[in-house]
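Q: build me a model from this:
(chains A and B)
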Amino acid sequence: QKEVEQNSGPLSVPEGAIASLNCTYSDRGSQSFFWYRQYSGKSPELIMFIYSNGDKEDGRFTAQLNKASQYVSLLIRDSQPSDSATYLCAVNMMVTGGGNKLTFGTGTQLKVEL
Amino acid sequence: DAEITQSPRHKITETGRQVTLACHQTWNHNNMFWYRQDLGHGLRLIHYSYGVQDTNKGEVSDGYSVSRSNTEDLPLTLESAASSQTSVYFCASSESRGMNIQYFGAGTRLSVL
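A: Numbers count the residues shown, from 1 in each chain, chains lettered A, B, ... in the order given. From the prediction side, this is the model:
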């Protein structure tokens, strides 16, 4: 089982619709969770992070966390063509000897169609 | 504005050569990280550092080394480049270990021929 799993997609949604991206993780001790957006040929860009159960909203983006079920999701409302990108889920996991590392999923490709 | 810069942006080298990729951040972050990104594997951690003189191995550290002599820089060295090390390399930094909110540089595309 992969530590962080995402559906690779592509996920196609029409412009103006809600895009729902999902991520599951294996480490129950994980405390913080991140969504990065990566355009083709570019570096990952932090969109949101969440560490408490429930929802966190920032503009058109909502991150949802359910620690009991070990999943985190990202909702994008009123999707725009500029949202077309790969979305990476990252989980902050403890490492042996102290400290933390981010473990990334392989990403979900989102396509917003006109 | 504070930033994290990587150089070079593109590099072509031959197998067996030593290559060093630079990473410089002006956020004064203690934590710095090197990743490689390959199709089908996503981002994988190579090495990381929590401060000056501190370095740690990540999940794909074989064939790579880092050193941290100051807060701003974490150069990544490929001791003897191999074709399997053809990849896109990203450097990142974060302020605290706890939340570990990482910000990425623009990346270096390395081809080993």
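Q: which parts of chain B sit against chain A?
A: Contact residues, chain B versus chain A (Cβ under 8 Å from any Cβ of the partner chain): B:33, B:40-45, B:48, B:50, B:56, B:58, B:90, B:97-107. Where C-beta positions appear, they are placed from N, C-alpha and C, glycine not excepted.
Q: contacting residues for the closest residue to residue B:26 other than its chain neighbours?
A: Spatially, and ignoring its direct neighbours in sequence, residue B:26 is nearest to residue B:2 (4.7 Å; Cβ to Cβ, 6 or more residues apart in numbering or on different chains). Shown in contact with residue B:2 (Cβ atoms under 8 Å, 6 or more residues apart in numbering or on different chains): B:25, B:26, B:27, B:28.
Q: residue B:70 is in contact with the first one, correct?
A: If I follow you right, that is residue B:25. No - using Cβ atoms under 8 Å, residue B:25 is not in contact with residue B:70, being 10.7 Å away.
Q: quick one: which of the two has more around it?
A: Taking neighbours as other Cβ atoms under 10 Å in any protein chain shown, residue B:25 and residue B:70 compare with residue B:25 leading, 23 against 9.
Q: for the more buried one, which residues count as its bridge partners?
A: For residue B:25, the beta-bridge partners are residue B:4 (DSSP bridges).
Q: residue A:62 contacts residue A:72, doesn't it?
A: No - Residue A:62 lies out of contact with residue A:72 (Cβ under 8 Å); the separation is 11.3 Å.
Q: looking at those two, which is more packed in?
A: residue A:72 (26 against 18).
Q: summarise which helices and strands the lengthiest strand in chain B is packed against.
A: When chain B is parsed with DSSP state E, its longest strand is strand B:42-51. Strand B:42-51 is packed against strand A:85-94, strand A:100-104, strand B:31-38, strand B:54-57, strand B:64-66, with contacts defined by 3 or more Cβ pairs under 8 Å, 6 or more residues apart in numbering or on different chains; DSSP states H and E.
Q: looking at the ones you listed, which is closest to residue B:83?
A: With Cβ to Cβ, the closest approach to residue B:83 among the helices and strands packed on strand B:42-51 belongs to strand B:31-38: 12.5 Å.
Q: which residues touch residue B:71?
A: Residue B:71 neighbours (Cβ under 8 Å, 6+ apart): B:28, B:29, B:30, B:51, B:52.
Q: pLDDT weak spots in chain A?
A: Within chain A, the segments meeting pLDDT under 70 span A:1, A:97.
Q: residues from it in reach of chain B?
A: When proximity is defined by Cβ under 8 Å from any Cβ, chain A lies next to chain B at A:31-32, A:34, A:36, A:42-46, A:49, A:51, A:88, A:90, A:92, A:99-107.
Q: can you rerun that using 6 Å?
A: A:32, A:43, A:44, A:49, A:92, A:99, A:100, A:101, A:102, A:104, A:106 (Cβ under 6 Å from any Cβ of the partner chain).
Q: how about the fifth one: what's its closest non-neighbour residue?
A: Same thing as residue A:92. Of all residues not flanking residue A:92 in the chain, residue A:32 sits nearest, at 4.2 Å (Cβ to Cβ, 6+ apart).
Q: quick check: that neighbour touching residue A:94?
A: No - the criterion here is Cβ atoms under 6 Å, and residue A:32 misses it with residue A:94 at 10.9 Å.
Q: what are the phi and psi values for residue A:83?
A: phi -80, psi -10 (degrees, to the nearest 10).
Q: what about it, how many neighbours?
A: 18.
Q: distance of it from residue A:68?
A: 29 Å (Cβ to Cβ, to the nearest Å).
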